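Enquirer: Here's my sequence, what's the structure:
(chains A, B, C and D)
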There are 2 protein chains.
Amino acid sequence: MNALDPMAAAIDVFTRQGYDATTVDDLADAVELSRSTFFRRFGSKEDVVFADHELLLDRVESSLATTTRAPLEAVAAAGWLVFEHHVERRGVSVARFALLHDVPALRDRELITSHRYERAFTQFLRGALPDTPDREYVSIAFAAAAVALHNAILRRWLFDPDTDLVPELRSQLRALIRSFGSRKPEPIQRRVVVTVVEPGADEEAILESVRAALA
Amino acid sequence: MNALDPMAAAIDVFTRQGYDATTVDDLADAVELSRSTFFRRFGSKEDVVFADHELLLDRVESSLATTTRAPLEAVAAAGWLVFEHHVERRGVSVARFALLHDVPALRDRELITSHRYERAFTQFLRGALPDTPDREYVSIAFAAAAVALHNAILRRWLFDPDTDLVPELRSQLRALIRSFGSRKPEPIQRRVVVTVVEPGADEEAILESVRAALA
DNA sequence: GTATCGATTGACACTGAGTTTCAACAAGTG
DNA sequence: CACTTGTTGAAACTCAGTGTCAATCGATAC
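Expert: Predicted coordinates:
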């Protein structure tokens, strides 16, 4: 049996029967595995629901490891890799989304899951960006923002899976790259000092007047 | 008894005895509450460890609700509000940090906790930013990046609490604001027009002189 | 003073997730 | 065949978290 089918089956049982009302025994039955084996395979009642992310995260990591793109673009590309995974497995993703709506515990779990992507992105960037003083923080901020954007747009799509939001994702990630790509140094603060002096004031008087204005 | 002392006590017990080796009964004893009351007060074994965030999140939200700053700056200010909370309660924060190092389950919980700040930031920005087409996504990306930066710098500080990292946090958040600020098509450029007119020049002559300077 | 009401607490029993242990049973290897 | 190694299921166990109910406390009314 495919390793992802149990996930789909579990999501289905949870949806029909309610998450809390479903015991792990019920799950094990539905998946035709013993309770023991269920835990060995999936770790926990919560984790079955996100079993596909294990595989997906692998794909993301190897995509980053072998990329030829510029660092920020590579992360963006990894982002739509994930997005496309959901589009391809539309049925499960939509069902899971509906389930999450009712089960806070699973929403929390999802958060933890998606944080693993953020970690992967950050670590990749830390190594791939040119060694400028702020690359550490650019890595952290960009990875977090990219994941957050991806998740927001993914949720919008899951809510209405008939609209193609891949272009939206692409354009938003590109906008993000632009924001971070051209990080300008701190702008020089210019001060304008206006002093009005009498006609015929000598140099010393003018300087004194400026000094006063500065105080 | 102060509501935060049980938290400190719990962290202490976990540290000395091990997280897994500590049952909720042990905790309840240490905090001098019955098991029942412990759950009513703190929700779960995991949540005691972050009990202070309930209060802190309130402070953050009311700070955002009453701010007079520009939206992005308001979020940054909320960021160092949180940071300063940890600096003030240095002892507990450092102890908790050490505890998290050994307990993955608590690290996950921390993630969920810190996501609540991100939500608060995003929602504030969604309402506070000017109604441009991309304000939704700027809100999401900026909030995520700000929280990630804060957390990274906080962790650095917790690792070495004798260095003052508030300036670092300030400058990184400011850099982030600049990144997102320059997203706007055209920042407001201030022009300084200097015209020098003869004493006794009439209004029309002065206006004419300014017009000339503008050309 | 005491009666009454509401809220907080503790004691206790119960459910169910997750772990551990052990035996059964493969499937390969000499 | 004997022997190893890995996978499975059965069963017992621990403990977090929930629900129920009675006791207690504090405030206000009488």
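
Enquirer: Can you give the contact residues for stretch A:142-151?
Expert: Contacts to stretch A:142-151, defined as C-beta atoms under 8 Å, 6 or more residues apart in numbering or on different chains, come from residues A:72, A:75-76, A:79, A:82-83, A:114-115, A:117-119, A:121-122, A:125, A:169, A:172-173, A:176, A:180, B:118, B:137, B:140-145, B:147-149. Where you see a C-beta, it was placed from the backbone N, CA and C, and this is true even at glycine.

Enquirer: if you set the cut-off to 7 Å instead, what comes out?
Expert: With contact meaning C-beta atoms under 7 Å, 6 or more residues apart in numbering or on different chains, stretch A:142-151 is reached by A:72, A:75-76, A:79, A:82-83, A:114, A:117-118, A:121-122, A:125, A:169, A:172-173, A:176, A:180, B:137, B:140-141, B:144-145, B:147-148.

Enquirer: Show me which of those residues are buried.
Expert: For the contacts of stretch A:142-151, a neighbour count by 16 or more other C-beta atoms under 10 Å in any protein chain shown gives the buried set as A:72, A:75-76, A:79, A:82-83, A:114, A:117-118, A:121-122, A:125, A:169, A:172-173, A:176, A:180, B:137, B:140-141, B:144-145, B:147-148.

Enquirer: how much space is there between residue A:67 and residue B:41?
Expert: Look at residue A:67 and residue B:41: by C-beta to C-beta, to the nearest Å, they are 50 Å apart.

Enquirer: Please apply the same query to residue A:206.
Expert: 70 Å.

Enquirer: what helix or strand is the residue most central in space within chain A on?
Expert: With distances taken as C-alpha atoms, centre = their mean, the residue of chain A nearest its centroid is residue A:147 (0.9 Å). Of the helices and strands defined by DSSP states H and E, residue A:147 is found in helix A:135-159.

Enquirer: the inter-axis angle of that helix versus helix B:135-159?
Expert: Compare the direction of helix A:135-159 with that of helix B:135-159 by axes from the mean of the first three to the mean of the last three C-alpha atoms, to 10 degrees and you get 140 degrees.

Enquirer: buried set for helix A:135-159?
Expert: Using 16+ other C-beta under 10 Å as the test for burial, helix A:135-159 gives A:135-154, A:157-158.

Enquirer: near DNA strand D, which residues of chain A show up?
Expert: Proximity of chain A to DNA strand D, by C-beta under 7 Å from any atom of the strand, involves residues A:33, A:34, A:35, A:36, A:37, A:40, A:41.

Enquirer: those helices in chain A, which residues are they?
Expert: A:5-17, A:24-31, A:35-42, A:51-65, A:71-88, A:90-102, A:104-128, A:135-159, A:166-181, A:203-214 (DSSP state H).

Enquirer: Next, the buried residues of the second one.
Expert: This means helix A:24-31. Taking 16+ other C-beta under 10 Å as the basis for neighbour counts, the residues of helix A:24-31 that come out buried are A:27, A:28, A:30, A:31.

Enquirer: wait, isn't the last one in contact with residue A:9?
Expert: Okay, so that is residue A:31. Yes: taking C-beta atoms under 7 Å as the contact criterion, residue A:31 and residue A:9 are neighbours in contact, 5.5 Å apart.

Enquirer: Looking at the residue lying closest to residue A:163 once chain neighbours are set aside now. What's its pLDDT?
Expert: Counting by C-beta to C-beta, 6 or more residues apart in numbering or on different chains, residue A:157 is the residue found nearest to residue A:163 once chain neighbours are left out, at 6.8 Å. Looking at residue A:157, its pLDDT reads 98.

Enquirer: cool, the one 3 residues further on as well?
Expert: The predicted local distance difference test score for residue A:160 is 96.

Enquirer: Low-confidence stretches in chain A?
Expert: When residues are selected by pLDDT under 70, those of chain A lie in A:1-4, A:182-191, A:199, A:212-215.

Enquirer: Go again with 90.
Expert: In the prediction, chain A carries residues with pLDDT under 90 at positions A:1-6, A:181-215.

Enquirer: Around DNA strand C, which positions in chain A sit nearby?
Expert: Counting by C-beta under 7 Å from any atom of the strand, the positions of chain A adjacent to DNA strand C are A:22, A:23, A:24, A:25, A:35, A:36, A:39, A:43, A:44, A:45, A:46.

Enquirer: Could I get those in JSON lines, plus columns for distance to chain B?
Expert: Output for the residues of chain A next to DNA strand C, formatted as JSON lines (distance: C-beta to the nearest C-beta, whole Å):
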{"residue": "A:22", "distance to chain B": "21"}
{"residue": "A:23", "distance to chain B": "20"}
{"residue": "A:24", "distance to chain B": "19"}
{"residue": "A:25", "distance to chain B": "24"}
{"residue": "A:35", "distance to chain B": "22"}
{"residue": "A:36", "distance to chain B": "21"}
{"residue": "A:39", "distance to chain B": "16"}
{"residue": "A:43", "distance to chain B": "12"}
{"residue": "A:44", "distance to chain B": "11"}
{"residue": "A:45", "distance to chain B": "15"}
{"residue": "A:46", "distance to chain B": "11"}
